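Visitor: Quick one, what's the 3D model for this:
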Amino acid sequence: LLEAAPGETRIVASGHGRTWAGMIVAMVVLGAAATFPLVGHLTARWGKRRVYLRAGILHVACLAMLPLANLASDPALVALPLFALMALPLATHLVLPNAMYGDVVDRDAAHTGDRREGTYAAARNLLVKACYGLAQATAVGLIAIGATRAEPTGILLVGPVAAACVLVGLLVFRRHPIHD
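Guide: As a prediction, the model looks like this:
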């Protein structure tokens, strides 16, 4: 989504793509930093897995609704709140995978007697980098379909396609064996 932010905001914000993209990214990142304490509180109350799944559902909903902004008389009134809501899922994604990674390593060590942090770190990093590369290629492909006011199809698909990818990830994550 960040790859397509200038195009998304250019479509939504009447041609002020770069300025709006910077403001939106700053809003989401600063919002995520502000919600780190909330993530900690929710995790202590409900557990890492449950908070991660709920935040992922919020993320899917926000991403899927992004194209609706283009239908509004003032698209920013729809898009900005959606991006602001995405701060919580971002904070959750930045904090909880590392905490859950430690749980997985500890559980594996309890079952096998071996500490294999390096193996898990290598596998995780390989998957993260592969997914990041796939996300960039997908964003470029969608932008190639259309990224102008006259033909916004590709940009308008970025949110729903990202939502579908997050949803697939959540469905896989539901099988996570650790229920804290």
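Visitor: Can you list the residue ranges for helices in the protein?
Guide: Per DSSP state H, the chain carries helices over the ranges 5-12, 17-46, 48-65, 76-85, 87-112, 117-145, 153-173.
Visitor: Out of the ones you listed, which is closest to residue 179?
Guide: helix 48-65 (5.8 Å; CB to CB). For the C-beta atoms, the positions are set from N, CA and C on the backbone; glycine is no exception.
Visitor: chain center to that closest one, what's the gap?
Guide: 9 Å (CA atoms, centre = their mean, to the nearest Å).
Visitor: Spatially nearest residue to the residue nearest to the spatial centre of the chain, not counting backbone neighbours?
Guide: What sits nearest the mean C-alpha location of the chain, by CA atoms, centre = their mean, is residue 90, with 5.7 Å. Spatial nearest neighbour of residue 90, chain neighbours left out: residue 32 (4.1 Å); criterion: CB to CB, 6 or more residues apart in numbering.
Visitor: Kindly report the same for residue 42.
Guide: Leaving aside its chain neighbours, residue 42 sits nearest to residue 51 (4.8 Å; criterion: CB to CB, 6+ apart).
Visitor: Tell me how many other residues surround that neighbour.
Guide: Neighbourhood size, residue 51 [other CB atoms under 10 Å]: 22.
Visitor: related to what we said a few turns ago, would you mind listing the residues in contact with the residue nearest to the centre of the chain?
Guide: 28, 29, 31, 32 (CB atoms under 8 Å, 6 or more residues apart in numbering).
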